[in-house]
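Colleague: sequence first, predicted model second:
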Amino acid sequence: MLVDGFGRRIDYLRLSVTDRCDLRCTYCMPKGFKGDEEPQQWLNFDEIERLLAIFARLGLKRVRLTGGEPLLRKNLPDLARRLAALPGIDDLSLSTNGTQLAKYACQLRQAGVSRLNISLDSLDRSRILQLTGRDVLPHVLEGLEAASAAGFRMIKINMVATAGMSEPDIDAMVGFCAERGFVLRLIETMPMGEAGRKAGFVDLQPIREGLRERFGLIDGVVPGGGPARYLVSPDRRLQIGFITPISQHFCETCNRVRLSADGILYLCLGQEAAVDFRTPLRNGCSDAEIAQRIGQALLARPARHEFRELPGRSVRFMSSLGG
Ligand code: SAM
Ligand code: SF4
């Protein structure tokens, strides 16, 4: 059983398959970032499949592929197919910036990815250029269309709350998502690395109350197992989630761990606690030994992040861990 020292059941793993990205979102990557690790450090697909099979035997149920930009990892649909087929894994999802989605949406769906989270912070082309460093809005919109056509069970749009985000920006995104049947999620910026700290913090609580009033929303539940708290319209055409790690943290119910592309298991997004799994995988450890190491690692899981009290602590930036 995957249970940590505080009795929290862990059934969800976010798997970063690369720390590279084709974008440079201001809150995620530091300017001029070039420190990509060499691919030989990354777990190969056999290693990933073996490690996640061990996790699944211990009770892991859900896996999210993330990055960096996961669609930059060569042959990602092959990995998705292998993970979707693991006994015990009943939910495989993907987080992406959408720039490559037009090309991969169908293949991913066929491989067994059932849900997508797509990052899109604005529908304004120049603002996307300013936030990501590239003029990619048309590509992302094309990717969204392809994803809609490919028949995913659920598509969520992740919109990070950044300084300069206006009420009309948010309302435009609400209308866009409602028309297409997407779930919108607004996310507070976390002080991850220098980039996250420089981006500044926007409190989602007043934004949430403003949306509740403007659109006549009520509290609701949307499946997904994550920490978002939702407002929905009575006809459920509008579904808006709020991820508020800073203004209202949710650590006491945290059900997830994160594996980086180079095989390090991170036990909390905001703390340094981490355990290497690449070395035992490559040193001939048995499945039983690796399972034991997983159990020990979970006992070292911190109670909670301290983004508010110690915002300078986290030196890792988000692209190395996948959110
Ligand atoms: N490249 C993919 C994408 O953008 O969806 C996957 C990786 S990205 C690191 C995962 C999520 O983390 C995205 O929704 C992104 O907006 C979010 N993110 C990145 N930096 C963040 C920060 N400092 N605070 C809050 N969310 C952040
Ligand atoms: Fe890349 Fe995603 Fe980070 Fe943006 S949020 S820089 S798309 S990893």
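Modeller: Okay, I see it. Numbers count the residues shown, from 1 in each chain. Ligands and ions are numbered 1, 2, ... in the order given.

Colleague: in this protein, which helix or strand is least confident?
Modeller: Among the helices and strands of the chain, helix 193-198 carries the lowest confidence by mean pLDDT, DSSP states H and E, at a mean of 75.

Colleague: and the residue lying closest to M165 once chain neighbours are set aside, what's its pLDDT?
Modeller: Spatial nearest neighbour of M165, excluding adjacent residues (CB to CB, 6 or more residues apart in numbering): V202 at 6.6 Å. Every C-beta, even on glycine, is put in place using the N, C-alpha and C of the backbone. According to the prediction, V202 has pLDDT 87.

Colleague: follow-up on the earlier one: does ligand 2 sit close to the least confident helix or strand of the chain?
Modeller: No: Helix 193-198 lies out of reach of ligand 2 by CB under 6 Å from any ligand atom, never closer than 8.5 Å.

Colleague: would you mind listing the buried residues in the helix or strand that that helix is followed by?
Modeller: Remark: after helix 193-198, the chain's next helix or strand is helix 204-215, criterion DSSP states H and E. Applying a neighbour-count criterion of 16 or more other CB atoms under 10 Å, one finds 204, 207-208, 211, 215 buried in helix 204-215.

Colleague: how far is the least confident helix or strand of the chain from where the chain is centred?
Modeller: Relative to its chain's centre, helix 193-198 lies at 18 Å (CA atoms, centre = their mean, to the nearest Å).

Colleague: may I see the buried residues of that helix?
Modeller: Here helix 193-198 shows 193, 195-197 as buried, counting by 16+ other CB under 10 Å.

Colleague: correct me, but I89 touches L83?
Modeller: Yes: between I89 and L83 there is a contact under CB atoms under 8 Å: 6.2 Å.

Colleague: hey, what's in contact with both of the two?
Modeller: Both I89 and L83 are in contact with 52, 63, where contact means CB atoms under 8 Å, 6 or more residues apart in numbering.

Colleague: send me the least confident helix or strand of the chain as PDB with only the CA atoms.
Modeller: Taking C-alpha atoms only, helix 193-198 is exported to PDB below (Å, rounded to 0.1, in the frame of the first residue of the first chain):
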ATOM      1  CA  GLY A 193      12.600  28.800  -8.800                       C
ATOM      2  CA  GLU A 194      13.500  32.300  -9.700                       C
ATOM      3  CA  ALA A 195      11.000  32.500 -12.500                       C
ATOM      4  CA  GLY A 196       8.000  31.500 -10.300                       C
ATOM      5  CA  ARG A 197       9.000  34.000  -7.700                       C
ATOM      6  CA  LYS A 198       9.500  36.900 -10.100                       C
END
